[in-house]
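# Here is my input, please return the structure:
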Amino acid sequence: MLKLEKRPSPSVMWSRATPVLAVALTMVAGGIMFAVLGKNPFEAIRTIFWDPLFGEFAFYLRGQLLVKAGPLILIAVGLSLGFRAGIWNIGAEGQYIMGAICGAALGLAVFPTENRLIFPAMVVAGALGGWAWAMIPAVLKTRFNTNEILVSLMLVYVAQTVLAMASTGFLRNPEGMGFPGSRNFSGYAAARNGFLWEGAGLHWGGVMALATVVAAYVLLQRHMLGFQIKLSGQAPRAARYAGVQPDRLVMLCMGVAGALAGMAGLFEVTGPAGQISIDFNSGYGFTAIIVAFLGRLNPVGILFAGLLMALTYIGGEMASTNLGLPSAAIQAFQGMLLFFLLACDLLTNFRIRLAKKGEAR
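Sure, this is the predicted structure:
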């Protein structure tokens, strides 16, 4: 019989090998799923992982890689700070939506004014919108000891309702012939998040994502606050003896995560999405959870994990178009990555060994 045995200390080797093993197992299980759907598994895997980087349209798609990865990295870095401290913010999708609504509302309120300060003001408004939405579960957690997982998750559905109201009501384009959706920011130069270099696929969202990775790395490695965040997650009781105030840490981590998610929403609505619409939210807030854990809650790891997840988005769209794979299969493929990551992560803290006959469980 096989038995799980607790390791004296977490395995550094398995901690580093788990993401690689999870990706490999995802490819195998995904290939089996594609074969069951009647598609060539090798062709599907190649289309998802190889063609966007080295295929016929690779030059264009590499630029899109940065566009897709930007919001994932931005949100995942914010979530990772809370996860490290044992604070489970699962509602980044709602904070992403509210940031987009608040930032877009400011830009649309001053339309058609052209001023170089409009876009920076919208970024601040987006950050404040996400921050305010994250403060709801944070305050309820610190004041009434509610479960931040449930509250933050339920607020996602409230945010989606507000998004529908904005698209069909207070932010609807008055010149849109009654169709839902706001004005398109592509025609509003002062509020547009355009590419910094045409064809490079880099806009201000990507720049902010890279800056956030650097800032989070310095915070965790060189600042006392980073030490307190790590200590709170690893040894909560020792953290209290060291003078860490849990309530303040909850407010800080939730607030930072909400602000970064809100900025990601603003960069998306003024860039690739172009407008507030009913289906604006694309699941980035939930996918960022996978990115955070795939990157081992490390800012540098999250950078590479975000690029990998963006690759599955772009390659998945190519597979859907070229091979006729259903979009649900691509979403299941992405979900497998988190499943195998969590399953393989067990080996970090446990070892598998053969149990002798009659040995107690």
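# residue contacts, the nearest residue to A35 once chain neighbours are set aside?
Among residues not flanking A35 along the chain, P41 sits closest, at 4.7 Å (C-beta to C-beta, 6 or more residues apart in numbering). C-betas here are computed from N, CA, C, even on glycine. The contact partners of P41, taken as C-beta atoms under 8 Å, 6 or more residues apart in numbering, are G30, G31, I32, F34, A35.
# Apply 6 Å and report the result again.
Listed by C-beta atoms under 6 Å, 6 or more residues apart in numbering, the contact set of P41 reads G31, F34, A35.
# Listing request: residues of the stretch 201-350 of the chain with sub-threshold pLDDT.
Scanning the stretch 201-350 of the chain for pLDDT under 70 picks out the ranges 201.
# quick one, helices of it?
Secondary structure of the stretch 201-350 of the chain (DSSP state H, counting those that start in this stretch): helices at 204-222, 224-234, 236-241, 246-269, 284-294, 299-323, 327-349.
# For the closest residue to V291 other than its chain neighbours, pull up the helix or strand it's in.
In space, and not counting its chain neighbours, V291 is closest to A76: 4.0 Å by C-beta to C-beta, 6+ apart. Using DSSP states H and E, A76 maps to helix 58-84.
# picking up where we left off before, can you add mean neighbour count and distance to T26 and give the helices of the stretch 201-350 of the chain back as a markdown table?
What follows is these, written out as a markdown table (neighbours: other C-beta atoms under 10 Å; distance: least, C-beta to C-beta, whole Å):
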| stretch | mean neighbour count | distance to T26 |
| --- | --- | --- |
| helix 204-222 | 18 | 24 |
| helix 224-234 | 17 | 26 |
| helix 236-241 | 12 | 33 |
| helix 246-269 | 26 | 25 |
| helix 284-294 | 26 | 10 |
| helix 299-323 | 21 | 9 |
| helix 327-349 | 17 | 5 |
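# Can you tell me which of those helices is nearest to L153?
Closest of those to L153 is helix 284-294, at 9.7 Å (criterion: C-beta to C-beta).
# between that closest one and helix 299-323, how many degrees?
120 degrees (axes from the mean of the first three to the mean of the last three C-alpha atoms, to 10 degrees).
# Could you report the neighbour count for C102?
23 (other C-beta atoms under 10 Å).
# Then Y157?
Y157 has 12 neighbours, counted by other C-beta under 10 Å.
# go on, L106?
Applying other C-beta under 10 Å, I find that L106 has 21 neighbouring residues.
# Now it: closest residue in space, sequence neighbours ignored.
A125 (4.3 Å).
# hang on, the one you found packs against G103?
Yes: the pair A125 / G103 is scored as a contact, 4.7 Å apart, by C-beta atoms under 6 Å.
# Could you find the closest non-adjacent residue to the spatially most central residue of the chain?
Closest to where the C-alpha atoms of the chain average out (C-alpha atoms, centre = their mean) is A288, at 2.0 Å. In this structure, A288 finds its nearest non-sequential neighbour in I75, 3.8 Å apart by C-beta to C-beta, 6+ apart.
# what sits against the one you found?
With C-beta under 6 Å, 6+ apart, I75 has these contacts: A92, A261, A264, G285, A288.
# Can you tell me which of those is nearest R46?
Among those, and counting by C-beta to C-beta, the member closest to R46 is A288, at 26.5 Å.
# Spit out the contact partners of A238.
Counted by C-beta under 6 Å, 6+ apart, A238 has zero contacts.
# give me that answer again for 8 Å
For A238, the contact set (C-beta under 8 Å, 6+ apart) comprises L231.
# That one and Q228, how far apart?
11 Å (C-beta to C-beta, to the nearest Å).
# V23 now?
Relative to Q228, and taking C-beta to C-beta, V23 is found at 32 Å.
# likewise L61?
41 Å.
# circling back: going along the chain from the helix holding A76, find the next helix or strand for me.
Helix 58-84 is succeeded, C-terminally, by helix 92-109 (DSSP H and E).
# Give me the distance between that next one and the centre of its chain.
In terms of C-alpha atoms, centre = their mean, to the nearest Å, the centre of helix 92-109 is set 16 Å apart from its chain centre.
# go on, stretch 333-340?
So, by C-alpha atoms, centre = their mean, the centroid of stretch 333-340 is 15 Å from its chain's centroid.
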